[in-house]
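1. what's the 3D shape of this:
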Amino acid sequence: MSNPKQRADRLAKVAALRAEQVRRERRRQLVIVAAVAVVILALVGTTTAVILGARTEQAAVEAAAEQPIPDVEETTDLSANHVEAAIAPSARPPLGGDHDPVWQNCGTYDDPVPTANAVHSLEHGAVWVTYQPDLPADELATLRELVEGEAYALLSPYPDLAAPVVLTAWGVQLELDDAGDERIPTFLTKYLQGEQTPEPGASCTGGNGTPL
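-> Below you'll find the predicted structure:
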């Protein structure tokens with residue numbers, strides 16, 4: 001049978017081991033908390049940088065939209081009669097003029113849309129983004145991303161288009177060589193429901209066509 005001193009020594013050793021285990025657990029928890037904090041700070045920093053970058057980019061686009069956009073063609077005194085006749089094919093979409101009584105629903109289309117209906121959408125403040133049917137897939141994806149969420153954007157292929165990408169609003173048009181052109185966001189910002197719109201606020205839904 002052990003004497004009181006041996007028993008006391010064992011209890012002391014057990015207590016010391018338990019205390020060490022507690023200290024190790026605390027150190028482990030502190031390391032975990034510190035690691036999590038570092039990750040959170042990194043995510044917050046990255047998110048903040050992304051938000052600030054997006055705001056800076058948008059501010060630059062809005063500032064550019066206040067100025068004339070290079071190479072934009074402008075036409076005034078366009079007729080706006082509602083007629084039943086179809087618009088004759090051309091190498092570029094019309095900038096306005098007489099058009100179908102029913103507008104084309106805004107959105108993205110995989111197939112060409114009736115020109116006479118799309119021109120009516122322009123009258124309501126839409127920007128019609130047209131592209132050559134053989135436009136590379138990555139450029140088409142860029143265009144879709146640019147118009148996504150825009151209630152008055154109309155995107156569709158256009159047979160025999162004069163340029164790879166053509167942007168059209170009522171009375172204004174811009175030909176582009178590729179979908180990465182930095183003038184596209186500026187054009188959208190300036191002309192979606194822009195000052196050139198004959199009927200601002202008129203609907204771009206409830207008309208002709210079913211977008212994707």
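2. and this protein, what are its domains?
-> 1-67, 73-191 (automatic domain parsing).
3. Please tell me how far the last one is from the chain's geometric centre.
-> In terms of C-alpha atoms, centre = their mean, to the nearest Å, the centre of domain 73-191 is set 17 Å apart from its chain centre.
4. what's the span of that domain from first residue to last?
-> End-to-end distance for domain 73-191, by C-alpha to C-alpha, to the nearest Å: 13 Å.
5. Quick check: mean pLDDT of that domain?
-> For domain 73-191, mean pLDDT rounds to 96.
6. ok, Glu73 touching Ala169?
-> No - using C-beta atoms under 8 Å, Glu73 is not in contact with Ala169; the gap is 11.0 Å. Glycine gets a C-beta too; all of them are placed from N, C-alpha and C.
7. Strands of this structure, start to end?
-> Secondary structure of the chain, counting by DSSP state E: strands at 73-74, 107-108, 127-131, 153-157, 165-169, 172-176.
8. what inclination does the last one have with respect to strand 165-169?
-> Going back to what we said before, that points to strand 172-176. Using axes from the mean of the first three to the mean of the last three C-alpha atoms, to 10 degrees, one finds that strand 172-176 and strand 165-169 are set 170 degrees apart in direction.
9. and strand 172-176, which strands flank it?
-> strand 73-74 (antiparallel), strand 165-169 (antiparallel) (DSSP bridges).
10. Just name the most buried of these.
-> Neighbour counts (mean count of other C-beta atoms under 10 Å) averaged over each of those peak at strand 165-169, with a mean of 25.
11. Need the residues that contact that one.
-> Strand 165-169 is contacted by residues 92-95, 122, 125-132, 135, 139, 143, 158, 173-179, 181, 184, 187-188, 191-192, 194, 196-197 when judged by C-beta atoms under 8 Å, 6 or more residues apart in numbering.
12. Turn the buried ones among these into a named PyMOL selection, would you?
-> Restricted to buried positions by 16 or more other C-beta atoms under 10 Å, the PyMOL selection for the contacts of strand 165-169 reads:
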select buried, resi 92+93+94+95+122+125+126+127+128+129+130+131+132+135+139+143+158+173+174+175+176+179+181+184+187+188+191+192+194+196+197
